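In: Starting from these lines, generate the structure:
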Amino acid sequence: MSTPDPLIPMPPAPRRTTLIPVDDWRPAGIEDLEPAAWEALRDVGNVAVVAGPGAGKTEFLAQRAAYLLQTGLCPWPQHILAISFKRDAAANLGRRVTARVPEHAGRFASMTFDAFTKGLVDRFALALPPDWRMTDGYEISTVTNAEVGDFLNGIAHAAPEALRWEVARFQPNRFVSGVVGNYDLPEVVPADAEVDAISYAVREWWQARYLRRGKAQLDFVMLNRLAELLVRAVPRLRRALRMTYPVVFVDEFQDTTSAQFSFLTSVFGEETAVTAVGDSKQRIMGWAGALPNAVQRFTHAFDATTYSLAWNFRSSDALVALQHVIARQLDPAAVRATSKATTEDGHDPASLWTFSTDEAEAQFIADWIARDIAGSNRTPADFALIARQKIKDFEPLFRAHLAVHGIRVRNDDARVGKMTLQDLLKSETTHLLIGLLRLAHEPHGLPTVWQDVSTTLERVHGAIDDEVAQHRVGENLTEMTLRLRAWLESHPPSTVSAVDTVQQLLALVDGAALRRYVRATTPGEDFDLIAGAFEARLESSIKQAAGWGDALDEFECAEAVVLLTAHRSKGLEYHTVFFLGIHDRQWWALGSDLPEGTATFFVGLSRAAHRLILTTDRTNRAGPIAALFTMLAEAGVPEIDCG
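Out: Residues are numbered from 1 along each chain as shown. Next up, the predicted model:
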């Protein structure tokens, strides 16, 4: 069976679904929406939705997709395209829509910005203008700030005299995102000398990395620029994209870069209903080129109507009050959200703990978590340890002290192969392979895992809209689990390598079909990279495992206290959050960009649903770090000396 290409997919086979009249439509899977969400959902034009932490952005987008698909406002065979900035966010939204409207899941494409633009270049590279066609292909290659600095120094010396001073002033850390990413490529490469510093520097950059002999070296900013050129130079492609995707969602719009905004405007600036969801108070990607006031720029460029969601489904009222104090520092006009979460009694919602040493901090918190778990129905997964940066520095002490209580730690920022552990565990490929191993090892009592694996295999083999093919997939899954069960029983973890195990899995699921599926649905994702990371994680999991159940538990490490950075915590929530290291060693760069640092602080502390515990030491609190303590004092957060 062939795998559809999500960029300009073939129409799915029509199902016998009855359209719901607009006035009769009701939310799927939830009781209701807040009034502002209803207004935004029913607006069929360009919409900007301002949604703070805990507002339920993913659920809103899933309901808007359901509304447009079930009522026929997005008619068959047209699709909805959802663009996210993180792979896990794209996968999460895709799963949410599948759960809400499974009969329309085949017409909802959810992917990252990078995946979408890379997919266009990969598929239509031969349609690029002649001056820009690749002769030897390309490879993904990112550069360090030091390498960009060396490049700029080199071209500054060689630049026409009138341009040297301007070229020398470009900042290496902003050049790729802010200069290369903000430049629309001309269809014909200029042959004469440029008259301005930007055009000169950008042309030299493309000459050095792309317009040269051999394999081109591209990063995702350059791929974005090539995709924008491609769509602009090939009007038929732009028309095809707009016809295929009359509706586009863009999540986390406050993190949009110049290149991404330019691409969105060029491709979907007309004849498309675009929904942008974001919150300027959570703009934490300025270092990566995120535009200031991106949501406001969207409303102006797309003539969009703005709606603000006012409900917070995550955090208790006391934590919402704390969040509002920080929110006002970022936006004096911010309106306090209304908490819709259940309030728990018996503990302080927020407090600041002071420690004399890192050792004392880790031991005290580990003992406290153990007591809290013992005295409640909470599990280790209800607790998160969040820090601004250098999360690996916290891991050894916390891992050792929590291990005393039999509690594991999962460092989501840890590298596994060439991926972070968080990205690996969120991957659909990982869910499929681990799910198969679970079903083979535990033949009963896993209906949800069976359904997830079956649904993924239906997508892999193009069976979503074919009942006969779906039945065949179910029969094949039964046969697969039986064969895999026999293999696991004859190959305990102590006798087999991860490489052999993965080869066995890929032989059962049809590795070639899975590779094609990953390439089609997540064009920016490298199947070999995922497989390599999966093997590395499995190898470390089976070394000390007594059996396959222990190995799989170690691989997923689902029941563990999570350790991650504030950036990586975005979009997640936990019952209790420990925000570690409120001191200069973690926040040394706060003074260089106070608004973005405050936004990072806001993102980290707003992950807590019921309890927020911030930790600090007894070092000097003067200078930029004082701003964080001032906000905590204004919010009435008590400080406790914990020794």
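In: Just the residues contacting the helix or strand harbouring Thr478, thanks.
Out: Following DSSP states H and E, one finds Thr478 within helix 467-490. Residues from elsewhere that reach helix 467-490 (C-beta atoms under 8 Å, 6 or more residues apart in numbering): 1, 436-437, 439-441, 443, 450, 453-454, 457-458, 461-464, 504-505, 508-509, 548. Glycine gets a C-beta too; all of them are placed from N, C-alpha and C.
In: That one: how far from the chain's middle?
Out: 32 Å (C-alpha atoms, centre = their mean, to the nearest Å).
In: top strand in the chain by residue count?
Out: strand 608-616 (DSSP state E).
In: State the mean pLDDT of it.
Out: On average, the pLDDT along strand 608-616 is 96.
In: Can I get that strand as CSV, trimmed to CA atoms?
Out: Only the C-alpha atoms of strand 608-616 are listed here, as CSV (Å, rounded to 0.1, in the frame of the first residue of the first chain):
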residue,chain,number,x,y,z
ALA,A,608,2.6,23.8,38.2
ALA,A,609,-1.0,22.7,38.7
HIS,A,610,-1.1,22.7,42.5
ARG,A,611,2.3,23.4,44.1
LEU,A,612,5.2,25.5,43.1
ILE,A,613,8.4,25.3,45.1
LEU,A,614,11.3,27.6,44.0
THR,A,615,14.8,27.0,45.4
THR,A,616,17.7,29.4,45.9
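In: So what are the sheet partners of it and their directions?
Out: According to DSSP bridges, strand 608-616 forms sheet pairs with strand 350-354 (parallel), strand 574-580 (parallel).
In: On the C-terminal side of that strand, identify the next helix or strand.
Out: helix 626-634.
In: Off-centre distance for the helix or strand just after that following helix?
Out: With elements assigned by DSSP H and E, the helix or strand that comes after helix 626-634 is strand 639-641. With C-alpha atoms, centre = their mean as the basis, strand 639-641 stands 35 Å off its chain's centre.
In: One more: stretch 140-147?
Out: 22 Å.
In: Flag the helix or strand of the protein with the lowest per-element mean pLDDT.
Out: Of the helices and strands making up the chain, the lowest-confidence element is helix 511-521, at a mean of 83, by mean pLDDT, DSSP states H and E.
In: CA atoms of it as PDB?
Out: Only the C-alpha atoms of helix 511-521 are listed here, as PDB (Å, rounded to 0.1, in the frame of the first residue of the first chain):
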ATOM      1  CA  GLY A 511      10.800  -1.300   8.000                       C
ATOM      2  CA  ALA A 512      10.700   0.000   4.400                       C
ATOM      3  CA  ALA A 513       7.000   1.000   4.800                       C
ATOM      4  CA  LEU A 514       7.700   2.600   8.100                       C
ATOM      5  CA  ARG A 515      10.600   4.600   6.700                       C
ATOM      6  CA  ARG A 516       8.400   5.800   3.800                       C
ATOM      7  CA  TYR A 517       5.700   6.800   6.300                       C
ATOM      8  CA  VAL A 518       8.100   8.800   8.500                       C
ATOM      9  CA  ARG A 519       9.500  10.500   5.400                       C
ATOM     10  CA  ALA A 520       6.000  11.400   4.200                       C
ATOM     11  CA  THR A 521       4.400  12.500   7.500                       C
END
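In: out of the strands paired with strand 608-616, deepest packed?
Out: Ranked by mean neighbour count, those are led by strand 574-580 with a mean of 24 (mean count of other C-beta atoms under 10 Å).
In: Return the distance of Pro77 relative to His104.
Out: Applying C-beta to C-beta, to the nearest Å, the value for Pro77 to His104 is 11 Å.
In: List the residue ranges of this structure that fall below the pLDDT cut-off.
Out: Where the chain drops to pLDDT under 70, the residues are 1-17, 193-194, 286-288, 463-466, 521-525.
In: Gly417 and Ile391: what is the separation?
Out: According to C-beta to C-beta, Gly417 stands 18 Å off from Ile391.
In: which one is Ser427 nearest to, not counting chain neighbours?
Out: Among residues not flanking Ser427 along the chain, Ile530 sits closest, at 5.5 Å (C-beta to C-beta, 6 or more residues apart in numbering).
In: correct me, but that neighbour touches Arg519?
Out: No - with contact defined as C-beta atoms under 8 Å, Ile530 and Arg519 do not form a contacting pair (11.4 Å).
In: So which of the two has more stuff around it?
Out: Each of Ile530 and Arg519 has its neighbours counted (other C-beta atoms under 10 Å); Ile530 has more, 24 against 17.
In: Can you list the buried residues in stretch 467-480?
Out: 470, 473, 476-477, 480 (16 or more other C-beta atoms under 10 Å).
In: Tell me which residue is most central in this protein.
Out: With distances taken as C-alpha atoms, centre = their mean, the residue of the chain nearest its centroid is Lys86 (2.0 Å).
In: Now do the same contact list for that one.
Out: 112, 252, 570-571.
In: could those go into TSV alongside secondary structure, distance to Arg169 and neighbour count?
Out: Formatted as TSV, the contacts of Lys86 follow (DSSP: H, G, I helix; E, B strand; the rest coil; distance: C-beta to C-beta, whole Å; neighbours: other C-beta atoms under 10 Å):
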residue	secondary structure	distance to Arg169	neighbour count
Thr112	strand	33	24
Glu252	coil	31	26
Lys570	coil	33	22
Gly571	coil	37	18
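In: Among those, which one sits closest to Val603?
Out: Lys570 (5.5 Å; C-beta to C-beta).
In: what's the closest non-adjacent residue to that closest one?
Out: Nearest residue to Lys570, sequence neighbours excluded (C-beta to C-beta, 6+ apart): Val603, at 5.5 Å.
In: That neighbour is in contact with Gly52, isn't it?
Out: No - Val603 is beyond contact range of Gly52, at 10.6 Å (criterion: C-beta under 8 Å).
In: and for the two, which residues touch both?
Out: Contact with both Val603 and Gly52 is made by residues Gln282, according to C-beta under 8 Å, 6+ apart.
In: And those two? Which one has more around it.
Out: Neighbours per residue, other C-beta under 10 Å: of Val603 and Gly52, the larger number sits with Gly52, 26 against 22.
In: so the more buried one sits right up against Phe313, yeah?
Out: No - taking contacts as C-beta under 8 Å, Gly52 lies outside contact range of Phe313: 10.9 Å.
In: just curious, which of the buried residues of stretch 467-480 is nearest to Arg133?
Out: Val473 (40.1 Å).
In: just to revisit the earlier point, which of Gly417 and Ile391 has more neighbours?
Out: Remark: of Gly417 and Ile391, Ile391 carries more neighbours, 22 against 17, as counted by other C-beta under 10 Å.
In: dump the residue contacts of the closest residue to Pro53 other than its chain neighbours.
Out: In this structure, Pro53 finds its nearest non-sequential neighbour in Ser606, 3.7 Å apart by C-beta to C-beta, 6+ apart. Going by C-beta under 8 Å, 6+ apart, Ser606 touches 52-54, 314-315, 319, 323.
In: Could you tell me which of those belong to strands?
Out: Using DSSP E, none of the contacts of Ser606 sit in strands.
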